[in-house]
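Novice: With the sequence up front, the predicted model follows.
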Amino acid sequence: MKRAGWWLASAGLAFVPFAADAFDAPRQFVLVVGALVLSFAAAPLVVPRPMLAVIALRLGAAVLTTLTSQTPLHSLPALVTASAIGLFALQVRDEGDLRPLLWLTWPIAAWAVAQAVGLDPITWADAARWCGGVRPFSALGHPTQLGVFMAVMAVLALDDARTRQWSLATAAVAAMTCVLTLSRAGWLALAVGVVAWLALSVKRSVRLEPRWLVLPVTLGLGVALAGRSAIVERLQNFFVSPTRLHLWGTALTGFRRHPVLGWGFDAFALVDQQFRHPDAWKYEWGGTAGHAHSVFPQTLATEGLVGLLALIGCVVVVLRAWKRSPPPPGPAAAVLAVAASSMVAFSGVLLAVVGASCLRLSLGAGTVALRRTGWAAFALLPAVTLTLLASMCGWLGQSRGEVTWLARAARLEPWNGTWPALRGARLEAAGALSEALGAYQQAVAREPGLAVFEANVGRVQSKLGEVTATREAFDQARRHAPLDARIALDAAEASVRTGDDAIAEHTLRSMLALYPTDGPAWLVLGKFRLMRARPLEARAALEASLGADWRDWPDGVQQARSLLVQVVARGGDPALANELAQRPLATSLPAEACGAPAFLRR
C-alpha cells in the first residue's frame, strides 16, 4: 500500500479483542509499519514547514518533560505514541489520502448501530456506561472517541460531497452515529466542524439540493435509536459535568505545585492520585484518572509552562500559515472540530492521527524535502511491537488466570509496571505471598510514585507479618494519595492484621468522615468491631453499609447483608434476621434515573 490513506483505514480497523489494550496498541503498530513502508515505497516526501514546526514544538516539550518526569518510564509509552502519530502525519500527501476513511465510516457505523440495539457479537470486559447502560463505541473503543471521529468524518464527507454524491450519504450516516453515541464532545465537534466548513466554503458554490434532505432524515433516525428523552436529558445537562470540573481543578492544583515542567508527560495519574477532591469520589469510586479531559489543564499539569508555551506556539504557527494561504475547507474544519472536542475530552491514537493528518493537509503544499525518514520508523518499531505483544500476553494471563503469561508480558514491556502488578495480584490470590511481594516491588521499581503499587506492597507485607515494612509502604502510598479511599481501606485492613487496632479504627473513622457513603468502608468497620467483640457497634456499621454506595464492588453488599443477618440472629432476633435476608438490595441505578431508553439500560 503506497498511499497513506489505506494505512489510515487499516489503523481504523486495527483492534485485537484478545489484547489488554485492544485498540491503541494495534493502531500505533499499524501506523509505524505504515510510515516505514511509505518512507521506502512512496515518492520522496515534501512537507510544509509549519507542520515540521508544530511537530518539533510538541515533541520537544514531550521529550523534555519525559526526561524530567518523576517516573520517566510512565511517560515513555505516551512519548512513543506521540512520535508515531507525528511521523505518520508527515506521510499524508493530499486529500485523496482521507477518502479511505470515508469508506471506513460505513462498517464502523454499522457496528455502532448493532451495539446500540444489543447485537454486538463481542462481549467486552469493560465499556463506557451511562444511566446503567452501554453506549456504542464500535471500533474506536470509547463512545466519546467514536462521537468525535464520526463528527470529523461527517465534515470531511460534506466537503467531498461537492464532487461525489455517495459522500453525502456518508456524511448523513456519520452524523447519525455521532448522535447515537450520546457524546457531548462528539456533538460539540459536529457543530463546530459543520459551522467552520460552511464559513470556510463561503467562496465556493455550495448549493442545497433536494438530496441534502438525507441529512435531517438520518439525524432523526439517530435520535429515534438513542431515544428522544435521552437526547433531551443530555442537551439539558450539556454544560453540567462535575467530574470534568473536578479534574480541571485537580490539574490546576498540580500545576501550582510544579509550574515549570509539570509532573511529567502524560503523567496525570500522579497528579490525580494526590490532589483529587473528595467530592470527585461521589462520581467515580475507586479510580484514578489518567487524563484531565481537556488539553489545556492536561498540558499545564503534566508539562507545565514549557508545554503550554509549546502548545500556544503550535496555534500561532497554524494560524499564521492559514492567514498566508487560506486552507482547504474540509481539512481545516476537521482540525477545528478535533480542537473543539479536545477542550472537553481526550484523544485516542486514531482520532489524534486523523486530526494530525488533517492539519498536515490544511497547511498547504510541501516546501521542505525530507529524506531517510525510515530510520525514525525503525527506531519506533521495536517499542510498538513489544507493546502489542505484551498486551496480547497480558490478556491471555488475565483471561486464563495464568501468571506465566503475565510474566512474559512483564519481560516484553520492561517499562510497564502494570504487568508485574497484575502478576502479583494473581500470586497473592493463590497464596504465594513471597512471589507476589517480589512482583509488586518490581512494579514499584518501574513506576515509582504510583500509590496503588506501593499499597500492594504494604498489603502483602501485612499478610507476611512484617509490621515495620507494612507501615513504611502505606505511609509512602498515603503520602502520594492522601485522599484515596481504597488505599485508606487497604491500610486499615493491614493495621488490623498487624494488631494496630487504634490505627485501624482511626483510619476507618477518618475515611468515613470524608466518604460517609462508602459501602466497603462501613463493611470493614463492621468486621473490625465484630472481631473486637463489639456486636452492637458492628451491627450499626453493617446497617449503614446496606444503604451506602457499592458502585466499585457490587458483590460486596451481599457479603455485608449476610454478615448483618448473622449478627442480628446471634443477638436473639431471628424474625428480623429473616426479614433482612429477604429484603431486596438496591445496588444499581433505577430505571427512571435518566431519560435513556430501555435498550440502553441493559
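Specialist: Now that the structure is in, tell me what you want to look at. Numbering: from 1, shown residues only.
Novice: drop to CA atoms for contacts and neighbour counts, all remaining ones
Specialist: Will do.
Novice: helix or strand right after the host helix or strand of residue 512?
Specialist: Per DSSP states H and E, residue 512 falls inside helix 501-514. Next along the chain after helix 501-514, taking DSSP H and E as the criterion, comes helix 519-531.
Novice: Tell me what angle that next one forms with helix 501-514.
Specialist: For helix 519-531 against helix 501-514, the angle by axes from the mean of the first three to the mean of the last three Cα atoms, to 10 degrees is 150 degrees.
Novice: follow-up on the earlier one: contact partners of the helix holding residue 512?
Specialist: By Cα atoms under 8 Å, 6 or more residues apart in numbering, the residues outside helix 501-514 that reach it are 278, 485, 488-489, 491-496, 518, 521-522, 525.
Novice: switch to 7 Å and redo it
Specialist: Identification of contacts with helix 501-514 by Cα atoms under 7 Å, 6 or more residues apart in numbering yields 278, 485, 488, 489, 492, 493, 495, 496, 521, 525.
Novice: In JSON lines: those residues, plus pLDDT and distance to residue 154.
Specialist: As requested, these are exported to JSON lines (pLDDT from 0 to 100; distance: Cα to Cα, whole Å):
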{"residue": "278", "pLDDT": "78", "distance to residue 154": "40"}
{"residue": "485", "pLDDT": "84", "distance to residue 154": "43"}
{"residue": "488", "pLDDT": "89", "distance to residue 154": "47"}
{"residue": "489", "pLDDT": "89", "distance to residue 154": "48"}
{"residue": "492", "pLDDT": "92", "distance to residue 154": "53"}
{"residue": "493", "pLDDT": "91", "distance to residue 154": "53"}
{"residue": "495", "pLDDT": "91", "distance to residue 154": "57"}
{"residue": "496", "pLDDT": "89", "distance to residue 154": "58"}
{"residue": "521", "pLDDT": "88", "distance to residue 154": "48"}
{"residue": "525", "pLDDT": "89", "distance to residue 154": "54"}
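Novice: Could you identify the buried members of the residues you listed?
Specialist: By neighbour count, with 16 or more other Cα atoms under 10 Å, the contacts of helix 501-514 hold 485, 488, 489, 492, 493, 495, 496, 521, 525 as buried.
Novice: How many residues are close by the nearest residue to the first one once chain neighbours are set aside?
Specialist: Right, residue 485. Counting by Cα to Cα, 6 or more residues apart in numbering, residue 485 lies nearest to residue 511, which is 6.7 Å off, once chain neighbours are set aside. Neighbourhood size, residue 511 [other Cα atoms under 10 Å]: 21.
Novice: And residue 401, by the same measure?
Specialist: 14.
Novice: One more: residue 517?
Specialist: As a measure of burial, residue 517 has 19 neighbours, counting by other Cα under 10 Å.
Novice: Would you check that it makes contact with residue 549?
Specialist: Yes - with contact defined as Cα atoms under 7 Å, residue 517 reaches residue 549; the gap is 5.5 Å.
Novice: Quick check: buried residues in stretch 503-520?
Specialist: So for stretch 503-520, counting by 16+ other Cα under 10 Å, buried means 504-505, 507-509, 511-512, 515-520.
Novice: Among the contacts of helix 501-514, which pair sits farthest apart?
Specialist: Greatest spatial distance among the contacts of helix 501-514 (Cα to Cα): 278 and 496, at 24.5 Å.
Novice: Tell me where the model's unsure across the stretch 151-300 of the chain.
Specialist: Applying pLDDT under 70 to the stretch 151-300 of the chain flags the ranges 162-163, 203-215, 217, 225, 227-228, 240, 281-287.
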